[in-house]
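Participant: structure of the sequence below:
(one chain, ligands or ions: 1)
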Amino acid sequence: MSTVDHAPQTSEAMAIPKQGLPVTIITGFLGSGKTTLLNYILSNQQGLKTAVLVNEFGEIGIDNELVIASDENMVELSNGCVCCTINEDLIEAVYKVLEREQKIDYLVVETTGLADPLPVALTFLGTELRDMTRLDSIVTMVDCENFSLDLFNSQAAQSQITYGDIIVLNKTDLVDEAEVDALEVRLRDLKTGARILRSKKAEVPLPLILSVGLFESDKYAPEDHDHSHDHDHDCAPDCQDPSHDHSHHGHDHHHHDHGHGKKYSSDHLEMDGFTSLSFRSDQPFSIRKFQYFLDNQLTPNIFRAKGILWFNESPKRHIFHLSGKRFSLEDDQWNGEKSNQLVLIGQNLDHDKIREQINHCLSLPSENKGKGFGKG
Ligand SMILES: Nc1nc2c(ncn2[C@@H]2O[C@H](COP(=O)(O)OP(=O)(O)OP(=O)(O)O)[C@@H](O)[C@H]2O)c(=O)[nH]1
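Facilitator: Numbers count the residues shown, from 1 in each chain. Predicted coordinates for the structure are as follows:
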């Protein structure tokens, strides 16, 4: 998880409640558009100093690079799923925001695509954060093109809808309007009373999603939940969170039980069988080989991939996204050392085989000759 600060762009501030730092949780399945919404908020929320906490599933934090205007205020926290492995890190990160010298007006928390948002919400309600923050709403992003598949494959996708105060039907450009209408009917069935919005590239009117006071905390009674940090609970199968003995540190706020009762089981990752594979290299890929990998070796159980890519044939930095069957590669500029970073997320992945396939995409030293390395 990382925190990022953003300076106000104008002096005109939106109405801020008097008590407690307002918090919006952005959730939604893998690739649904959470980071896109976050960036949209950061670019358009005028007059407010907004801090963001971004949590990712995967060892490499690609989002750190993709959230706009990231600066020296970034704090790296453990990877994993915020809902079940880094609850305490979340509290620590919120404290860091609250303790800043420069006052923060608003906090936006982006969960991983595999997170159940309820435990995240309960972290704000069921600890002493309750007195210092005010959970404004849970915003759930939905990928209109892939939603049926997401729901089929993941219990988390279901929870994200159940606990969404606002549901944003995103990527409406990729489906017919009739499909969006049908999806909306389906969602209203799954969740009554949510505010449902539609968007392309997460462009929603911000007053409809921020400082809306839609989260109804009286519906959630944290004391009813078994929420003390009984850290023997099962984590994600590939959880490598070094803090995972969850030894207590810092503030005395660990009286809640994270034992994961029926309502928000931490074994959702295990049940859903999702794992992530991270790849890094200081060697470039060959475009031709990477293209072959995408066209012939990507299997449908790889739901999501993202990366900062370096190709032998290009001086540019390339931002790679795969979401469902669709992928994109955007050009960008290198600022520091060139390298390859790639994260793939899916169900029942054959890690060894995929790693071998990706390794095979690396350009061989003989292919690099005369290509003007380092000139980009
Ligand atoms: N066509 C289309 N693409 C979109 C839209 N919104 C987002 N995307 C693209 O979808 C991909 C995933 O978007 P992100 O915002 O990174 O999704 P995310 O939910 O943060 O992804 P994870 O955090 O990895 O789960 C990116 O390539 C976006 O540019 C949209 O409305 N239409």
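
Participant: for Glu145, helix, strand, or coil?
Facilitator: coil (DSSP: H, G, I helix; E, B strand; the rest coil).

Participant: not counting its neighbours along the chain, what's nearest it?
Facilitator: Distances taken as C-beta to C-beta, 6 or more residues apart in numbering place Leu174 nearest to Glu145, at 4.4 Å, with adjacent residues excluded. In this view, the C-beta of every residue, glycine as well, is placed from N, C-alpha and C.

Participant: also Ser286?
Facilitator: In space, Ser286 is closest to Ser363, 4.1 Å off (C-beta to C-beta, 6+ apart).

Participant: give me the number of residues near the one you found?
Facilitator: Ser363 has 20 neighbours, counted by other C-beta atoms under 10 Å.

Participant: show me the contacts for the closest residue in space to Leu129 that isn't next to it in sequence.
Facilitator: Using C-beta to C-beta, 6+ apart and skipping the chain neighbours, the partner closest in space to Leu129 is Val94 (5.8 Å). With contacts defined as C-beta atoms under 8 Å, 6 or more residues apart in numbering, Val94 is in contact with 53, 107, 124, 129, 132-133.

Participant: out of the residues you listed, what pair is the most spread apart?
Facilitator: The span of those, defined through C-beta to C-beta, is set by Leu53 and Met132 at 14.6 Å.

Participant: ok, the two, which is more surrounded?
Facilitator: Taking neighbours as other C-beta under 10 Å, Leu53 and Met132 compare with Leu53 leading, 25 against 16.

Participant: helix or strand: which one has the more buried one?
Facilitator: Element membership for Leu53 (DSSP states H and E) is strand 50-54.

Participant: and whichever helix or strand comes after that strand, which residues are buried?
Facilitator: Next in sequence after strand 50-54, counting helices and strands by DSSP H and E, comes helix 62-66. For helix 62-66, the neighbour count (16 or more other C-beta atoms under 10 Å) marks 62-63, 65-66 as buried.

Participant: quick check, nearest of those residues to Gly273?
Facilitator: Using C-beta to C-beta, the shortest approach to Gly273 within the buried residues of helix 62-66 belongs to Ile62, at 21.9 Å.

Participant: I'd guessed the closest one sits against Gly307; true?
Facilitator: Yes. Between Ile62 and Gly307 a contact is recorded at 6.5 Å, counting by C-beta atoms under 8 Å.

Participant: which residues are in contact with both of these two?
Facilitator: Contacts common to Ile62 and Gly307, judged by C-beta under 8 Å, 6+ apart, are 341, 343.

Participant: per-residue pLDDT, Asp267?
Facilitator: In this model, Asp267 is scored at 48, pLDDT.

Participant: from Gly324, how far off is the residue nearest in space to the middle of the chain?
Facilitator: Centroid-nearest residue in the chain, with C-alpha atoms, centre = their mean: Thr112, separated by 3.5 Å. Noted for Thr112: a distance of 17 Å to Gly324, by C-beta to C-beta, to the nearest Å.
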